[in-house]
Structure formats: C-alpha cells, structure tokens
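Engineer: Here is my input, please return the structure:
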Amino acid sequence: MARRARWQDGPGTLGLPGGGGVPLQIAASYRARTRGLLGRDGIEGAALLLTPAGSVHTFGMRFAIDVAYLDRRLRVLAVRTMAPGRLGLPRPRSRHVLEAAAGAMAGWGLRPGVTVEVSATGALGPAPGAR
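Structural biologist: Reported below is the predicted structural model:
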C-alpha cells in the first residue's frame, strides 16, 4: 500500500488564486491545533492552517478572524468572519480550516469554489503509523 503524505507542524506558504503567496503556519498535531491562535495579539499578513479540522471556536481569542473551510482537495467551501467568543458550526466535507486576520481573505481573493495550494517548508512526511 502506498504511503500517504501528511503535513507536520511548521512553516509553509499559502498559494493564492492568481499567483502570490502568504506566509503560513501549519498546525497538524493535536497540541498545535488546540493552541491555534490563542494567546496571540494578531496574525497580520499570515495564515494558520489547522489540519485535520472541521470546525473552530474563538473562545479566549483577542481579535476577530477570517475562517475558510477547505475540503480534502483544498477547495474553499465557505468563508466566515468570526468575532471573539464564538463557536463555528461544523462544515460537512471540511478537512482543513484556514485562519487569518479579519478581512484578509477577501483581500486575497478567497471565496467559495476557489482552490488554494499549500507548500510546506520541510514539513511533509509520511503519516504517523503509515507503512
């Protein structure tokens, strides 16, 4: 059986529609996904990819964020702006969640139906337990 590649925690680049890229932090471990953006004062000019994830919350956050729900092919299913202290609804078919500063995704051209690319900087490897 072929090995399935999976992201690991670390830096990367988010490839945007129409070219260009945005610095990206990948949170693939349970610990990194649980921490997310908690304790930060902002995430200007960058994004956070939670994988795997189907929903998010903003309890304990200090700022509003844009949230994009992505399917397994990295196609945007929905984009929402969430204020602090909110619980996002789970999205069917969502496998990844992208978070950025409120208003950033509109500026990047992210909307439902658009496909993004994720380039990990030395963070790709076999899935744990894959043989």
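Engineer: show me where the chain has strands.
Structural biologist: Assigned by DSSP state E, the strands in the chain fall at 5-7, 10-15, 21-27, 47-50, 65-70, 76-82, 96-101, 117-120, 124-126.
Engineer: Which one of those lies nearest to Arg40?
Structural biologist: For the strands of the chain, the distance to Arg40 is smallest for strand 47-50, at 9.3 Å, taking C-beta to C-beta. Quick note: C-beta positions are derived from backbone N, CA and C, even for glycine.
Engineer: List of residues touching that closest one?
Structural biologist: With C-beta atoms under 8 Å, 6 or more residues apart in numbering as the test, strand 47-50 has contacts from 7, 12, 14, 22-27, 33, 36-37, 56, 96-100, 104, 118.
Engineer: Buried among the residues you listed? Make that a PyMOL selection.
Structural biologist: Buried residues within the contacts of strand 47-50, by 16 or more other C-beta atoms under 10 Å, are selected in PyMOL with:
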select buried, resi 7+12+14+22+24+25+26+27+33+36+37+56+96+97+98+99+100+104+118
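Engineer: Can you list the low-confidence ranges for the protein?
Structural biologist: Residues of the chain meeting the criterion pLDDT under 70: 1-5, 39, 122-131.
Engineer: picking that back up, as JSON lines, the strands of the chain with distance to Arg111 would be great.
Structural biologist: Below are these laid out as JSON lines (distance: least, C-beta to C-beta, whole Å):
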{"stretch": "strand 5-7", "distance to Arg111": "23"}
{"stretch": "strand 10-15", "distance to Arg111": "15"}
{"stretch": "strand 21-27", "distance to Arg111": "15"}
{"stretch": "strand 47-50", "distance to Arg111": "15"}
{"stretch": "strand 65-70", "distance to Arg111": "9"}
{"stretch": "strand 76-82", "distance to Arg111": "6"}
{"stretch": "strand 96-101", "distance to Arg111": "13"}
{"stretch": "strand 117-120", "distance to Arg111": "16"}
{"stretch": "strand 124-126", "distance to Arg111": "27"}
